[in-house]
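Visitor: Provided below for reference: sequence and predicted model.
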Amino acid sequence: MAATTTPPEQPEASPRGLGFSRSHWWILAAAALGWMFDAMDQRLFILARTPALRDLAPGTDPADLPTLAGWATALFIAGWATGGLAFGLVGDRFGRVRTMGLTILMYSVFTGLSGLARSWPEFAAYRFLCGMGIGGEYAAGVALVAEAMPARSRAFALGLVQAASSVGAMIGSGLSVLIGPQSRVGGYAGWRVLFFFGVIPSVLLVLLRFRVPEPDRWLRARDEALQNPEPGRKLGDVRAIFADPVLRRRTLIGMTLGMVGQVGLWSIGLYTPELVRDALFLERRAAVAAELAGRGGAASAATAGGLDALARESAASTGADPAALVARWKAEADGYVGWGTLLQDVGSLFGAPFCTWIAVRYGRRRAFATAYAMAMASVWLVFGGMSQGRDVYWMLPLLGFCTCGIFGVIVLYLPELYPTRLRTTGMGFCYNMARYLTAGAPVLLGRLAIGAGGYSRAAILMSFIYVFGLVVVPFAAETRGRPLPD
């Protein structure tokens with residue numbers, strides 16, 4: 001890729017006073033689209049996870065599906081962490097734009113292959129490799145925007161990049177409304193068709209190749225490292241973030257703050273499809289029991305089983321076709337889940353910028369504390385209070401607003417912790433070591449969800465991670481009003 005440069009720090013101001021030139025807009029568009037498609041892939045996985053595993057592991061007891069889903073999610077997150085660490089080094093050594101191109105290609109290919117999986121281990125392997133691409137793209141894209149934008153517009157630009165992730169998640173949810181994960185489309189399972197849409201981001205490579213330059217900050221750091229090859233000036237040296245006591249402290253605190261937000265999202269907030277399906281099942285079971293009682297009968301133990309058993313119980317009384325009943329119930333569940341997660345994504349679209357605004361106006365520490373407090377409150381309300389399908393229309397937007405607010409702070413905060421020569425390395429380590437710590441949390445949630453209380457009880461117990469975050473916040477470095485380190 002050509003070693004072109006970004007425009008000067010103070011180009012002719014745009015009509016809105018952002019100081020953006022045409023090149024700035026291209027950089028912002030590429031980074032935002034990259035993170036948008038990342039989020040679309042994540043949402044498709046969340047929506048298709050349980051239906052895919054049900055098809056790929058047909059002999060699995062329904063009660064064991066939460067554990068299987070937890071392992072698949074853990075491997076996806078572990079892949080994300082591995083890619084973030086590996087491509088963080090690549091981003092500092094070989095450039096932000098080159099790294100973005102490689103990682104976008106990687107997650108596009110393996111998302112498409114996820115739709116062709118023939119067994120659950122194969123599916124989990126593709127998700128691990130897809131996660132590597134997503135993890136690498138995030139650090140490269142955020143560093144590119146942070147370094148290329150005028151200082152007065154950096155927070156605004158990074159806020160837009162984070163908001164783009166909500167748009168991507170909304171696209172994924174919208175696709176699931178059109179193509180239910182549990183449906184059949186042209187002989188293919190709906191969840192397979194959804195993953196095929198994940199190949200689309202590869203067209204972004206054309207934009208990156210011809211329109212997006214490497215930032216001047218990185219080019220200067222590269223040239224300086226070539227002219228002065230001392231160990232302390234090396235690009236992408238992970239040892240340097242621990243050799244310096246200031247960077248070491250920042251890394252440990254930043255990693256912890258990121259871990260809290262990620263556990264809250266991946267082990268609680270993104271299990272709303274399972275929460276909604278659980279709530280709908282309980283609602284239907286109560287309706288069938290009431291129907292049988294109204295006909296003078298009594299509900300048998302079958303009403304405490306799975307969806308198929310419940311359909312047979314209802315059909316025995318009404319004369320309906322059990323298979324048709326199951327198909328109708330699944331379609332109804334897909335509708336509630338799709339619209340519910342779409343509204344959850346709309347909430348996140350506003351929640352992340354809200355916390356970015358708090359970070360800019362009142363400081364990073366206050367923004368972190370606000371985000372953790374409102375996330376915990378929303379988890380208790382939603383997972384403790386959802387009892388019927390229509391609850392999704394107001395509960396899930398609130399949950400999205402509150403649990404995704406933290407990422408509006410993270411996207412602004414992490415680039416401010418490291419100098420240019422270590423930025424994607426430090427961000428990759430900080431954000432993705434946290435992901436390794438996060439990877440086991442979905443497995444824990446899956447185990448806690450077995451038995452009475454299901455996902456509701458499990459999520460409420462897991463939400464105490466936010467208390468840990470609130471304890472750590474006072475030790476974080478306050479970077480508000482300080483220039484981006486060179």
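Guide: Alright, I've got the coordinates. Residues are numbered from 1 along each chain as shown.
Visitor: low-confidence regions, the stretch 251-400 of the chain specifically.
Guide: In the predicted model of the stretch 251-400 of the chain, residues 294-305 satisfy pLDDT under 70.
Visitor: tell me the confidence at the residue nearest to Ala57 when sequence neighbours are not counted?
Guide: Excluding the flanking residues, the one nearest Ala57 by C-beta to C-beta, 6 or more residues apart in numbering is Trp120, at 4.6 Å. For every residue, glycine as well, the C-beta is placed using N, CA and C. Trp120 is assigned a predicted lDDT (pLDDT) of 89.
Visitor: return the residues in contact with the residue lying closest to Gly172 once chain neighbours are set aside.
Guide: Of all residues not flanking Gly172 in the chain, Arg43 sits nearest, at 3.0 Å (C-beta to C-beta, 6+ apart). Under the criterion of C-beta atoms under 8 Å, 6 or more residues apart in numbering, the neighbours of Arg43 are 168-169, 171-173, 176, 341, 345.
Visitor: closest to Val443 among the residues you listed?
Guide: Distance to Val443 across the contacts of Arg43 (C-beta to C-beta) is lowest for Thr341, with 22.0 Å.
Visitor: report the distance from the helix or strand hosting the closest one to the chain centre.
Guide: Here Thr341, judged by DSSP states H and E, is contained in helix 322-362. Centroid separation for helix 322-362 versus its chain: 13 Å, with C-alpha atoms, centre = their mean, to the nearest Å.
Visitor: same check, this time on stretch 400-413
Guide: With C-alpha atoms, centre = their mean, you get 11 Å for stretch 400-413.
Visitor: re the thing from before, which SSE is the residue nearest to Gly172 in?
Guide: Per DSSP H and E: helix 22-56 holds Arg43.
Visitor: ok and that helix relative to helix 322-362, angle-wise?
Guide: 150 degrees (axes from the mean of the first three to the mean of the last three C-alpha atoms, to 10 degrees).
Visitor: which secondary structure elements does the helix holding Thr341 contact?
Guide: helix 22-56, helix 154-178, helix 272-294, helix 307-318, helix 364-385, helix 392-403, helix 405-413 (3 or more C-beta pairs under 8 Å, 6 or more residues apart in numbering; DSSP states H and E).
Visitor: and the angle from the longest one to helix 154-178?
Guide: In this case it means helix 22-56. 40 degrees.
Visitor: list the buried residues of helix 22-56.
Guide: Across helix 22-56, burial judged by 16 or more other C-beta atoms under 10 Å covers 23-24, 26-56.
Visitor: from the chain's centroid, how far away is that helix?
Guide: 8 Å.
Visitor: do you know how far Gly59 is from Leu65?
Guide: 12 Å (C-beta to C-beta, to the nearest Å).
Visitor: identify the contacts common to the two.
Guide: Common neighbours of Gly59 and Leu65 (C-beta under 8 Å, 6+ apart) do not exist.
Visitor: so for those two, which residue has more residues nearby?
Guide: Using other C-beta atoms under 10 Å as the criterion, Gly59 and Leu65 rank with Leu65 on top: 21 against 4.
Visitor: which ones are touching that one?
Guide: Leu65 neighbours (C-beta under 8 Å, 6+ apart): 50, 53-54.
Visitor: secondary structure element for it?
Guide: Going by DSSP H and E, Leu65 is in helix 65-94.
Visitor: ok and that helix relative to helix 22-56, angle-wise?
Guide: Going by the same axes, to 10 degrees, helix 65-94 makes 150 degrees with helix 22-56.
Visitor: related to what we said a few turns ago, Leu461: which of the helices and strands packed on helix 322-362 is closest?
Guide: helix 364-385 (9.9 Å).
Visitor: still on that earlier bit, and the next helix or strand past the helix holding Leu65?
Guide: Past helix 65-94, the next helix or strand by DSSP H and E is helix 96-114.
Visitor: output the contacting helices and strands for whichever helix or strand comes after that following helix.
Guide: Counting by DSSP H and E, the element after helix 96-114 in chain order, helix or strand, is helix 120-148. If contacts are counted by 3+ C-beta pairs under 8 Å, 6+ apart, helix 120-148 sits against helix 22-56, helix 65-94, helix 96-114, helix 154-178, helix 216-227, helix 423-448.
Visitor: could you dump the helix or strand just after the fifth one to PDB, C-alpha only?
Guide: The C-terminal neighbour of helix 216-227 among helices and strands, as given by DSSP H and E, is helix 240-243. Output of helix 240-243 as PDB, limited to C-alpha atoms (Å, rounded to 0.1, in the frame of the first residue of the first chain):
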ATOM      1  CA  ALA A 240       8.100  -1.300  26.600                       C
ATOM      2  CA  ILE A 241       4.600  -0.900  28.000                       C
ATOM      3  CA  PHE A 242       5.800  -2.800  31.100                       C
ATOM      4  CA  ALA A 243       9.300  -1.400  31.300                       C
END
